[in-house]
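1. predicted structure and sequence below. I'll ask about it afterward.
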Amino acid sequence: MQRYLSILLFFIFSNPVISQHAVVDSFGQMLSPSVADSFRQILSQPGIEGAKRVIAFKELSYNVLFSKPDSAMLLAQQGKQLAREINYPGGEVLCEASIGSVWWIIGDYTKANEIFFECVESSEHLKDTLSLVWSLAWLTSGFRDEGNFAEALKYCIKGMAIPKIWSSTVWNTIKGSIYQAMNKPDSALFYLLKGDLDDGYTHVLTGHAYAALGDDVRASEHYGKSIPLLSSDNNFKDLAYAYIGLARLYEKRTRPDSSIYYAKKGFTIAQSASFKKWVYETGLILSRAYEKVDPAEAFHYYKLAMAAKDSMFNIQKVTEALSSRYSEQLRQKEEETTKMNYQNKVRTYVLLATLGFFLVLALILHRNNRQKQKARAKIEKAYADLKSTQAQLIQSEKMASLGELTAGIAHEIQNPLNFVNNFSDVNTELVDEASQEIEKGNIAEVKSILNDIKDNEQKINHHGKRADSIVKGMLQHSRTSTGIKEPTDINKLADEYLRLSYHGFRAKDKNFNAEIKTNFGTSLEKIEIVPQEIGRVFLNLINNAFYAVNEKAKQNIPGFTPTVTVKTNKIADKILISVADNGNGIPPKILDKIFQPFFTTKPTGEGTGLGLSLAYDIVKTHGGEIKVETNEREGSTFKIELPAT
């Protein structure tokens with residue numbers, strides 16, 4: 001019975017868009033591409049049983065409901081007309097529900113509910129229990145989105161009273177969605193936690209409920225759990241909805257970088273699948289996030305959001321136009337049929353009738369063949385576009401917070417500033433001494449003092465430039481990556497992030513100490529990389545190394561000295577970088593999971609599980625490899641290979 005949960009979660013309560021390689025049958029089950037193609041073949045081949053063609057129209061109408069509602073309306077109307085012609089009332093109810101779903105998705109809930117209510121009455125008259133439950137679920141969703149929550153709960157309870165169709169977890173999820181729409185997160189959470197927590201959309205709803213209650217940690221956990229489940233089900237609509245939830249969380253926490261990161265993920269999915277509502281939502285989030293840092297980008301996303309909003313309100317006009325056009329097509333078809341019947345009556349020559357029959361048959365076969373080729377070309381193009389979009393979703397992660405490195409940067413800058421201040425004070429004293437010697441007429445001593453002042457000024461200049469380079473490096477790191485490669489000294493980059501990471505840890509924990517060892521290759525030439533991206537890889541690996549040795553140090557093992565070692569070398573046409581620690585190592589049972597998104601061994605709130613995953617993707621996009629060698633309780637070594645040219 002758990003399979004029936006997908007009905008609500010895939011069609012009514014989550015509005016998902018199924019890829020063009022899949023359709024959903026009357027039981028809400030995801031069908032294989034071959035089964036989806038079979039529905040299209042049913043419509044393209046003559047002589048197929050009429051009931052099968054009705055079901056094919058209905059299923060294909062659902063398939064495009066959330067991406068092309070105008071096409072969904074046309075398919076449902078064709079199925080309904082055919083069902084009437086062959087006297088198939090059950091099929092007519094199914095296609096009528098599809099027509100109602102189009103009015104529902106464009107926001108005309110009053111008209112949609114009228115249709116759904118008629119479907120409920122027809123299902124009761126036909127004594128079709130599954131169609132009745134299906135119609136009740138649609139009617140519940142219509143009243144919920146219309147804001148008539150009392151009626152929504154009424155029909156939800158009526159559906160729950162029908163035994164042996166859907167499990168209680170399905171209806172608990174439905175109830176939870178109603179209370180969520182009523183802005184009652186406590187009640188919503190009560191039912192959602194009784195729902196199917198192995199389902200991705202239930203986790204999205206639960207995340208929204210926790211977010212409304214101010215529990216951002218649990219909200220983030222449920223959003224994280226929903227993402228792999230929704231991805232595996234090709235539920236792109238709710239996957240985008242989950243990313244919107246994460247983006248709103250980080251927007252509330254005033255963390256624009258993370259908010260932009262997740263909003264862009266949701267925006268890309270919504271735009272590729274034509275989810276106008278989510279394009280509008282993510283566009284506004286991105287516009288607000290960029291408002292202070294990049295006004296041009298903010299205005300760009302605001303325009304996209306407004307365009308999506310306008311498009312949503314134009315869907316109804318398109319649907320009404322198609323409805324009128326289809327009625328006209330039916331009238332013309334009836335006229336043509338009448339005319340053909342008349343012509344057939346006056347035909348007296350069997351040869352002419354036979355030739356006409358074969359001619360019509362040849363035209364139908366030719367047309368069907370062309371339609372099949374066009375449909376196949378569209379499917380192949382959609383698949384290619386999907387693969388291209390997935391390849392372009394290269395993950396990138398900035399620092400969790402620049403505040404984590406602020407202390408490290410301050411510590412780095414403090415040394416050159418101390419030199420500048422000290423030599424400035426010394427020069428002041430020397431100037432006073434020079435004035436005294438001038439009054440005494442001791443020119444030789446004055447010259448000696450002036451030489452000292454000159455030396456001090458050179459030292460001030462040297463340390464001032466050092467502080468300037470540290471600040472420029474930090475600004476470069478915090479700036480959004482352009483993705484443009486440039487010649488980079490890998491030794492200098494590794495050393496800089498090693499020191500920044502160490503001082504950052506020292507700033508958070510004054511008791512933290514670790515021995516740092518470096519062994520940088522002396523013959524390394526500059527290599528073409530994106531320094532901000534590779535710098536983030538170094539920072540993630542080195543931070544993890546310091547975290548590992550610090551955790552082991554807390555065990556108070558006699559004779560243990562926390563040690564982190566960074567090495568670089570060149571072998572053949574490869575640059576090798578390794579980051580090693582003598583921490584507790586990685587258990588073998590989780591070794592194959594460490595590069596997976598959202599997998600982390602750190603306690604809740606201390607890690608997102610994205611660091612190693614994004615490091616893996618960054619190294620891959622540079623044409624390199626990243627591997628790990630570990631011995632449990634002895635330490636780990638992460639090795640990076642990058643092309644030398």
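-> That came through fine.

2. show me the shaky parts of the stretch 51-200 of the chain.
-> Scanning the stretch 51-200 of the chain with the threshold set as pLDDT under 70 gives 66-67, 165.

3. how about the helices in it?
-> Listed in chain order, the helices of the stretch 51-200 of the chain (DSSP state H, counting those that start in this stretch) span 69-85, 89-105, 109-126, 129-146, 149-160, 168-181, 185-192, 200-212.

4. flag the shaky bits of the stretch 251-400 of the chain, pLDDT-wise.
-> Along the stretch 251-400 of the chain, the parts satisfying pLDDT under 70 run over 312-339, 341, 344, 386-400.

5. give me that answer again for 50
-> Low-confidence regions of the stretch 251-400 of the chain, defined by pLDDT under 50, span residues 322, 326, 391, 393-400.

6. so residue 78 sits against residue 57, correct?
-> Yes - applying C-beta atoms under 8 Å as the test, residue 78 and residue 57 come out as touching, 5.3 Å apart. Placement of C-beta: from N, CA and C, glycine included.

7. now residue 156: how far from residue 291?
-> If you measure residue 156 against residue 291 using C-beta to C-beta, to the nearest Å, the figure is 41 Å.

8. which stretches in the stretch 401-550 of the chain count as strands?
-> 486-488, 515-519, 527-529 (DSSP state E, counting those that start in this stretch).

9. reformat those as JSON lines; add distance to residue 639, mean pLDDT and mean neighbour count.
-> Converted to JSON lines, the strands of the stretch 401-550 of the chain look like this (distance: least, C-beta to C-beta, whole Å; pLDDT from 0 to 100; neighbours: other C-beta atoms under 10 Å):
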{"stretch": "strand 486-488", "distance to residue 639": "19", "mean pLDDT": "90", "mean neighbour count": "12"}
{"stretch": "strand 515-519", "distance to residue 639": "14", "mean pLDDT": "93", "mean neighbour count": "12"}
{"stretch": "strand 527-529", "distance to residue 639": "16", "mean pLDDT": "90", "mean neighbour count": "19"}
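
10. and residue 78 and residue 57? Which one has more around it.
-> The residue with more neighbours, out of residue 78 and residue 57 and counting by other C-beta atoms under 10 Å, is residue 57; that gives 26 against 22.

11. break the chain into its domains for me.
-> The chain breaks down into these domains under automatic domain parsing: 333-387, 397-480, 486-645.

12. by mean pLDDT, show me the worst of these.
-> Looking over these, mean pLDDT reaches its minimum on domain 397-480, with a mean of 68.

13. right, so of the strands of the stretch 401-550 of the chain, which gets closest to residue 625?
-> For the strands of the stretch 401-550 of the chain, the distance to residue 625 is smallest for strand 527-529, at 14.3 Å, taking C-beta to C-beta.

14. contacts for the closest one, please.
-> If you take C-beta atoms under 8 Å, 6 or more residues apart in numbering as the criterion, strand 527-529 is touched by 485-488, 490, 575, 622, 642-645.

15. and if you look at stretch 343-355?
-> Applying C-beta under 8 Å, 6+ apart, the external contacts of stretch 343-355 come out as residue 356.

16. just checking, residue 452 touches residue 433?
-> No - look at residue 452 against residue 433 with C-beta under 8 Å: they stay out of range, at 9.3 Å.

17. hey, which of the helices of the stretch 51-200 of the chain is tucked in deepest?
-> Mean neighbour count (mean count of other C-beta atoms under 10 Å) peaks for helix 200-212 among the helices of the stretch 51-200 of the chain, with a mean of 26.

18. what's the angle between it and helix 185-192?
-> Between helix 200-212 and helix 185-192, the angle formed by their directions is 160 degrees, by axes from the mean of the first three to the mean of the last three C-alpha atoms, to 10 degrees.

19. name the helices or strands packed onto helix 200-212?
-> helix 168-181, helix 185-192, helix 216-232, helix 236-252 (3 or more C-beta pairs under 8 Å, 6 or more residues apart in numbering; DSSP states H and E).
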